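> pasting the sequence and the predicted model now:
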Amino acid sequence: MTMRNPGAIAFGLCLALGTAAYASDESFTAEGVVVAVQKAKDDARIADPHSMGDIVEVWMVYFDKWPRTKKPRFILIEYTHHDPIVRDRELDSTVWRFEISPAPTEQSGTCMSWWTQTFVPTAMGANQKLPPPKELGCFLMQKRPIALRSGKKQQGNPITPTTQ
Amino acid sequence: MNKDATGTLSVVGNDSSFDFEKSTGKGANSLDRSDLNALNGADKRLSGEVIAHAAVESYNSAKPGVKVDQAHDLAEGFFGFKYGLFTPNWGTTVNTLSLNWRATRLNENFRAHMKLVTPIPMATFNQMRKEGGTPPARDVTSVEIVPNK
């Protein structure tokens, strides 16, 4: 048997492998709003510029635009950074573009592994029924999200507790 | 001996402007002995992790063309630390704060309790909570291990 079009085969193989890589661990961008922040009621989100460590925040995010199939309504994003904090009022009013990647399988529980399991709704999530966080997919983010525009508060059911 | 870069660690008795250790510029990190003592009270391995982090960061940041931020990221990969949110005491004046940490290589969580050098009104702290800002000067008074979730 002879190989009639090795270029086409190689191209097809690259596409297949590329798709597989994309589906497993490559980062992608998606647009949405932060509906809740993982924190205890009295905790303060303050970044320390002199800290030896990176701050970790976990946000619950509702998506408008999702580039992949099986669009989830909500996910958790674990944001690890050394930047100034995104202010509460920005979280309360902004549609963001997030560059995220799915947490690797061995780290799939990382979003819910931190010091508190409680989520406090932002203004964007104040009027909707938020899902139990433990049921949500966990994604990782290192780059500060990009503010796209002012968002409208989500309409829906009254707030329900989201503590696990 | 490879002398392509030299990192320098300085140990100070107590410095309220940072917790545990910080970079003071390319090739230089400072360690707070008082804060390390508090870590030793909880788990002696933790102060070793801090010193190792500082050593890796200072060495790499001393290299030409390597920024301190890049050196920090390298150090995080070996001897990383993550922190969470500040919790103030109850009351009209904030005297103490606590902060949750994780030493990532050890996968150990700990909580640092800190005393402010100058107490601040809760209203000021709440403003900081809303608008962001730099945490006030403080000293680590004790550290406790927090069980993993």
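Noted; the coordinates are in hand. Numbering: from 1, shown residues only, chains lettered A, B, ... in the order given.
> for chain A, just list every one of the helices.
Assignment of helices within chain A using DSSP state H yields the ranges A:6-24, A:88-91.
> can you report how many residues lie near residue 134?
If you meant another chain, say so; for now it's chain A. For A:K134, the count of nearby residues is 12 (other Cβ atoms under 10 Å in any protein chain shown). C-beta here means a position set from N, CA and C on the backbone, and glycine is covered the same way.
> please refer instead to chain B.
The tally of other residues near B:T134 (other Cβ under 10 Å) stands at 13.
> are we agreed that it is in a helix?
No - under DSSP: H, G, I helix; E, B strand; the rest coil, B:T134 falls outside any helix and is assigned coil.
> ramachandran angles for it?
phi -100, psi 130 (degrees, to the nearest 10).
> list the contacts for it?
Neighbouring residues of B:T134 by Cβ atoms under 8 Å, 6 or more residues apart in numbering or on different chains: A:I46, A:D48, A:P49.
> look up phi and psi at the second one.
Just to be clear, that refers to A:D48. Dihedral angles (degrees, to the nearest 10) for A:D48: phi -100, psi 110.
> contacts only, for it.
Contact analysis of A:D48 by Cβ under 8 Å, 6+ apart lists A:I55, B:F18, B:D19, B:Y83, B:T134, B:P135.
> so where is the chain shaky, pLDDT-wise?
Chain wasn't specified; assuming chain A. Within chain A, the stretches with pLDDT under 70 are A:1-25, A:153-164.
> you answered for a different chain; I wanted chain B.
In chain B, residues with pLDDT under 70: B:1-2.
> ok, what's across the strand from the one residue in it that gets nearest to chain A?
Nearest to chain A in chain B, going by Cβ to the nearest Cβ, is B:F81, at a distance of 3.3 Å. Counting by DSSP bridges, B:F81 is bridged to B:A103.
> I'd say it and B:R102 touch.
Yes - counting by Cβ atoms under 8 Å, B:F81 touches B:R102, with 7.0 Å between them.
> who touches stretch B:30-38?
With Cβ under 8 Å, 6+ apart as the contact definition, stretch B:30-38 has outside contacts at B:9-15, B:18-22, B:24, B:47, B:50-51, B:54, B:112, B:139-143.
> show me what counts as buried in the helix or strand where B:T96 lies.
Using DSSP states H and E, B:T96 sits in strand B:93-103. Neighbour-count burial for strand B:93-103, counted by 16 or more other Cβ atoms under 10 Å in any protein chain shown, picks out B:V94, B:L97, B:S98, B:L99, B:N100, B:W101, B:R102, B:A103.
> can you report how many residues neighbour whichever residue of chain A sits closest to chain B?
As assessed by Cβ to the nearest Cβ, chain B sits closest to A:G53 within chain A, at 3.3 Å. Neighbourhood size, A:G53 [other Cβ under 10 Å]: 24.
> which residues touch B:A55?
B:A55 makes contact with B:G7, B:L9, B:N29 under the criterion Cβ under 8 Å, 6+ apart.
> quick one: it is in a helix?
Yes - judged by three-state DSSP, B:A55 forms part of a helix.
> quick one: A:G151 from A:Y62, how far?
For A:G151, the distance to A:Y62 equals 10 Å [Cβ to Cβ, to the nearest Å].
> I am finished for the moment; much appreciated.
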